[in-house]
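1. Following is a predicted model, sequence given first.
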4 protein chains.
Amino acid sequence: VWEGAAAAETAARASLRPEVFDWIACGSGDELTVAANTSAWHDLRLRPHVLRDVTNVDISCSLLGTVLPMPIAIAPTSRHDLCDPEGEIATARGAAAAGALFAVATGSERTLQEISTAAAGAPRWFQVYMARDRGWTRERVQEAVEVGCSAVVLTADVPVVSRRRSTGAGFVDAGRVRIELDPSVGLDAIAWLGSISGLPVVVKGLLRADDAERCVAAGAAGLIVSNHGGRQLDGAVATARALPAVVAAVGQAAEVYVDGGVRRGTDVLKALALGAKSIFLGRPVLWGLAAGGAPGVEAVLRGFAEELELAMRLAGCTSLRELDSDLLAVV
Amino acid sequence: VWEGAAAAETAARASLRPEVFDWIACGSGDELTVAANTSAWHDLRLRPHVLRDVTNVDISCSLLGTVLPMPIAIAPTSRHDLCDPEGEIATARGAAAAGALFAVATGSERTLQEISTAAAGAPRWFQVYMARDRGWTRERVQEAVEVGCSAVVLTADVPVVSRRRSTGAGFVDAGRVRIELDPSVGLDAIAWLGSISGLPVVVKGLLRADDAERCVAAGAAGLIVSNHGGRQLDGAVATARALPAVVAAVGQAAEVYVDGGVRRGTDVLKALALGAKSIFLGRPVLWGLAAGGAPGVEAVLRGFAEELELAMRLAGCTSLRELDSDLLAVV
Amino acid sequence: VWEGAAAAETAARASLRPEVFDWIACGSGDELTVAANTSAWHDLRLRPHVLRDVTNVDISCSLLGTVLPMPIAIAPTSRHDLCDPEGEIATARGAAAAGALFAVATGSERTLQEISTAAAGAPRWFQVYMARDRGWTRERVQEAVEVGCSAVVLTADVPVVSRRRSTGAGFVDAGRVRIELDPSVGLDAIAWLGSISGLPVVVKGLLRADDAERCVAAGAAGLIVSNHGGRQLDGAVATARALPAVVAAVGQAAEVYVDGGVRRGTDVLKALALGAKSIFLGRPVLWGLAAGGAPGVEAVLRGFAEELELAMRLAGCTSLRELDSDLLAVV
Amino acid sequence: VWEGAAAAETAARASLRPEVFDWIACGSGDELTVAANTSAWHDLRLRPHVLRDVTNVDISCSLLGTVLPMPIAIAPTSRHDLCDPEGEIATARGAAAAGALFAVATGSERTLQEISTAAAGAPRWFQVYMARDRGWTRERVQEAVEVGCSAVVLTADVPVVSRRRSTGAGFVDAGRVRIELDPSVGLDAIAWLGSISGLPVVVKGLLRADDAERCVAAGAAGLIVSNHGGRQLDGAVATARALPAVVAAVGQAAEVYVDGGVRRGTDVLKALALGAKSIFLGRPVLWGLAAGGAPGVEAVLRGFAEELELAMRLAGCTSLRELDSDLLAVV
């Protein structure tokens, strides 16, 4: 029985070493943005419709041309092996079982080949960092193309890694992938990634409308409004607050997604009402993985989908096309 | 001595099994709306008048043509037997003793016939769910007509039941009434209920002005602004926040009532100042029932009425007609 | 050494029976207004001036023609004998020692004659309730005239007594004065009190600009913006929030004062900046009385005066005439 | 490893006598302004840019013509000997090691000569109080000129000392310097200080735009928006709230700095985005001094500089010239 993301968090706390649980939980600085991400969803209030036929609710969506059963995807996060011995293989199997898109991180402990083999044919994107050694990044992208990833996600908010409580913890440093980040990366990386992959490029880590416009002009097909789960610039605006302006600026020209602090199906509903095409889950997926391996990941994804369907019914909405800001009140 | 609804809650906590107390208390999801309902009344501040003759204060009102001694009615809630062995019979006796309107729920554990016999002639409405088997609903409505209910209350915010902490608890499932809810119910249900009953129809569970307009256009004589006590769509706006727009939209064409988080006579005063013709009490009535049976219900109703009268006097108002938003400041 | 009103409160807590301390502290209902009174002063932020000569600061003021050394007066409260064996005699001596105006309450345990004898010639007002027996009120007012009170304060916000935690406590009921309040009192009471006393009439307990205008039109020379320390209509607006509109409406035609939640010299400064001619202290004076008798009352009054002088210097202001809302920012 | 100012505070708490730690921490009155200073920085939210070349970040600045490696300076505070046996000598060495400007206080326990000798050639300002004996102040200023201070800082918000919890504590009273403050000081002090020193004059302790304009008109070259760390007028506006209006009024004619509640590099970034040319640190420097002497001071300054550089990179900014209010959102 799905009892909510908070229950998954509790289960993960029980099964993980404290330092790993904290590594997942922590943000940068004073964790102002971690707190703001969650509370910003809460601050939005819903204005549900009643007396509408909600027998059939359809939460399927199309992301960059791929039809998916739910607008709930897995955000790229690294080192899943710290949550489950199978690492990203388990995550991939859970995602595939639920039919959810999995954005595999460069920092995954399992190789893309292993992950792809574990869940062949499942919808998959590949998240990439721009390394100082562009050849290295090119190789990673080519692997992604070879294993059938359908989009490249460029993380834009990590020109350098921020300071977190867990910075430099030994258990994280020992991972498979070591990247020398290139802090000089500019907008031209978008076209370059498109050209070497032949895939649509999604920029992750935007919070501003003007940046969104520049990215779309530079070739981005999608944007993930994100502050890296509050792990990069502490004090950055909550994603729920940043999302509307980005949608208003580029929502017609590109697909806009959002992550950060999404913990309930009602949060997903609010994100979609603000114009997001999908949300991405970071920590909740790791909690599910830690608590139950692949089935745990599947349970989290299905749990969110069920909560979203329920919220849609209770809001009197039957398809994502009906959702807009009229459903919301800021109190 | 009436010491306020909080004292009744404390007494109920002492007399109920913990799981029943919690079943009454709980909301859906993170209970954001449960909390918002109460705090929204608190956020409204009163601007009392002074040096007016308040010797005689009249809190009587007329709901759909029935004159009542107080604008404080009992909201439909199910399974009163969990609070008192006599169940709704005790509630009905308490309501009749206080002269308050009792909106009996479809999910009452005692039959309408029993309840009516227990307190013959008392003002009574009947709350109905639209079952997939319309014949079943028709029978329930006909019973309501036969026992003299003067209005039918259509619950609009439960196309499906939401998830609460107590979802699926055995002690609730075992009730007398099992309803297969029909999630396809639309506005035409209003006219249908009116046609089979010959009674005015009140729609319960609205939060939007546009929905209110549609319901009134579809034949509703009254509307209860409600979010089901925070037990359906978590994150829905507080009723005190939703009420003004509904009153502005349909207050001339229909009677508007409100429930949710009303815990003091000053909350009632605020609701009336915002344009409600009456408030409905859910949890406080159950607390009174648990704490003292029929006399406990009567005490809660009289306690609220006394608090309202006192608040009226302290606000310099002597009849409900004098109350409007000039009495309020949002701080 | 004056360590602030909070220290006086702590000392009073140590010296009083708990039920008396609580009787002083408590408000009506959920004590929303008690809390709001204090926090509303805190919400106002000061914008001090610098590099001005603040060698000489003058906090003297003139209330209804009486020159006083400080705009800090004693609000009428009853039963001072519960704080000190000498009761209001001690309060009067403390007030006289500080030079502060003492508004003696009808409900004082010592007679006006005793109080006046104890501190002859000190500035003194008399607070009156309108009893059903107007002759009784007339006698009280005539006593006040005879002992030299210079104004009559009509309490307007107690048409009936509200419910508080301590309602009906035996130790309060046993007082000297028993008043049968008249809830029919209207604006004509102002002129009547003026005619039988020949004194200026101050109306205490206003929160609205329209009421203020009506009172001034009816003959009031002064108004105390007050919600009875949060002991009457719970949920009434904080006095700091209500004050500006009253000053704007009648500040040219009458003197406006304020009480409620004033605990620091900076609160006094804020009240004066909002247009009050003086503040009145209720609970802090009782704390001082309980903690130290007449010297305790004097210490509280002098403590507030010193804090106000200090705040004036730190704000770059040397006389009350310089104070206006330019000194304030609402944050 | 720099773990933030909060870690330095914790270390200082462990190494200081409790009364000294509290003397550093405390504010005046109810410490409303102490709390407001910190929370006002938190309330500002950042809107970072992404996909910009942030390889080279330059946080150097020029204050009154002196080029400095960081816009992070040491605010004048007294009695450093209470934190470290070497007192201001250690502070000066730490400041010099980091290259940060040190504004030495009149109330320093070591003489200016000792401090200058300890760190010859380091950037240094001298803070001065106007004593009743102007000759005394003149002597202090002349010493400052002789030892090479490059500006005089006139503290404007202490016409008298406010009341704090630690007021009159013996351990503070015993200091080297005893000043009889002159509460009559006016704007002409600015020109006088300039004339006797031949140095630019910075006025510290302003919160208002009109005062800023008057000070600049009177000859001030720089202004420190400050409320004395919440130790003078309690209830004064937070410096982050006051800063924008001052910058708008005089930012073209003078340099505007700010202190109060700055605890993170992101706070520095916000201050600079609001138009400050530099921030000044008070308590954090004392914490560093207490925790580690001169190296502790250096660590605090370098820590803030590193945090600022990191925040600049994460905000997509490479020089202070790029920073403006477009980077901020008030949520």
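-> Here it is on my side, so go on.

2. Let me know the helix or strand that the closest residue in space to A:V104 that isn't next to it in sequence is in.
-> Nearest residue to A:V104, sequence neighbours excluded (CB to CB, 6 or more residues apart in numbering or on different chains): A:F126, at 5.4 Å. Placement of C-beta: from N, CA and C, glycine included. Assigned by DSSP states H and E, A:F126 belongs to strand A:124-128.

3. in that strand, what's buried?
-> Of the residues in strand A:124-128, A:124-128 count as buried by neighbour count, 16 or more other CB atoms under 10 Å in any protein chain shown.

4. Equivalent analysis for stretch A:200-215, please.
-> By 16+ other CB under 10 Å, the buried positions in stretch A:200-215 come out as A:200-209, A:211-212, A:214-215.

5. first vs last residue of that stretch, how far apart are they?
-> Stretch A:200-215 stretches 12 Å from its first residue to its last (CA to CA, to the nearest Å).

6. How far off centre is it?
-> On the basis of CA atoms, centre = their mean, to the nearest Å, stretch A:200-215 sits 15 Å off its chain's mean C-alpha point.

7. Counting neighbours, what do you get for A:V177?
-> A:V177 sits with 16 neighbouring residues when counted by other CB atoms under 10 Å in any protein chain shown.

8. which residues touch it?
-> A:78, A:106-109 (CB atoms under 8 Å, 6 or more residues apart in numbering or on different chains).

9. Tell me the most packed of the residues you listed, by neighbour count.
-> Neighbour tally across the contacts of A:V177 (other CB under 10 Å): the maximum, 26 neighbours, falls on A:S108.

10. If I look at it, what pLDDT would I see?
-> Confidence at A:S108, expressed as pLDDT, is 96.

11. Contact partners for the closest residue in space to it that isn't next to it in sequence?
-> Residue nearest to A:S108 in three dimensions, not counting chain neighbours: A:E88, with 4.4 Å by CB to CB, 6+ apart. Neighbouring residues of A:E88 by CB under 8 Å, 6+ apart: A:80-81, A:104, A:108-110, A:114-115.

12. Return the distance of A:E88 relative to C:D173.
-> The gap separating A:E88 from C:D173 is 75 Å, by CB to CB, to the nearest Å.

13. Please enumerate residues in contact with stretch A:132-152?
-> Contacting residues not belonging to stretch A:132-152 are listed as A:64-66, A:104, A:106, A:111-113, A:115-116, A:121, A:123-131, A:179-182, A:193-194, A:196-202, A:221-222 [CB under 8 Å, 6+ apart].

14. In helices, which of those fall?
-> A:112-113, A:115-116, A:193-194, A:196-197 (DSSP state H).

15. Quote the end-to-end distance of stretch A:181-188.
-> Taking CA to CA, stretch A:181-188 runs 16 Å from one end to the other.

16. Need the contact partners of it.
-> So stretch A:181-188 is in contact with A:129-132, A:134, A:156, A:158-161, A:214-215, A:218, D:51-55, D:313, going by CB under 8 Å, 6+ apart.

17. Any residues of the stretch 201-331 of chain A in contact with chain D? List them.
-> Residues of the stretch 201-331 of chain A found near chain D (CB under 8 Å from any CB of the partner chain) are A:203, A:205-208, A:211, A:214-215, A:232-238, A:241-242.

18. Close to chain D: what parts of the stretch 1-150 of chain A are there?
-> Proximity of the stretch 1-150 of chain A to chain D, by CB under 8 Å from any CB, involves residues A:29-30, A:32, A:36.

19. other SSEs contacting the worst-scoring helix or strand of chain A on mean pLDDT?
-> Lowest by mean pLDDT, DSSP states H and E among the helices and strands of chain A is helix A:170-173, with a mean of 76. Contacts defined by 3 or more CB pairs under 8 Å, 6 or more residues apart in numbering or on different chains; DSSP states H and E place helix A:170-173 against helix A:18-25.

20. what's the next secondary structure element after the helix it packs on?
-> Sequence-wise, the next helix or strand downstream of helix A:18-25 (DSSP H and E) is helix A:32-43.

21. now that next one: mean pLDDT?
-> The average pLDDT within helix A:32-43 is 98.

22. on that earlier part again, quickly list what the residue nearest to A:V104 is bridged to.
-> Following DSSP bridges, A:F126 is listed with bridge partners A:V104, A:V152.

23. In contact with it, which residues?
-> A:103-104, A:106, A:112, A:140-141, A:143-144, A:149, A:151-153.

24. Now flag whichever of the residues you listed is closest to B:V297.
-> A:A103 (56.3 Å; CB to CB).

25. quick revisit: using JSON lines, lay out the contacts of A:F126 together with distance to D:M70.
-> Listed next are these as JSON lines, based on distance: CB to CB, whole Å:
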{"residue": "A:A103", "distance to D:M70": "39"}
{"residue": "A:V104", "distance to D:M70": "40"}
{"residue": "A:T106", "distance to D:M70": "34"}
{"residue": "A:L112", "distance to D:M70": "43"}
{"residue": "A:R140", "distance to D:M70": "37"}
{"residue": "A:V141", "distance to D:M70": "39"}
{"residue": "A:E143", "distance to D:M70": "43"}
{"residue": "A:A144", "distance to D:M70": "42"}
{"residue": "A:C149", "distance to D:M70": "44"}
{"residue": "A:A151", "distance to D:M70": "42"}
{"residue": "A:V152", "distance to D:M70": "38"}
{"residue": "A:V153", "distance to D:M70": "36"}
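
26. now those residues: which count as buried?
-> When the contacts of A:F126 are checked for burial by 16+ other CB under 10 Å, the buried set is A:103-104, A:106, A:112, A:140-141, A:144, A:149, A:151-153.

27. tell me the strands in chain A, going along the chain?
-> Using DSSP state E, the strands of chain A run over A:44-46, A:61-63, A:66-68, A:72-74, A:102-104, A:124-128, A:152-155, A:201-206, A:222-225, A:255-259, A:278-281, A:328-330.

28. of these, which approaches D:A276 most closely?
-> Proximity to D:A276, assessed across those by CB to CB, is greatest for strand A:201-206 (27.3 Å).

29. Could you give the average pLDDT over the closest one?
-> Strand A:201-206 comes out at a mean pLDDT of 98.
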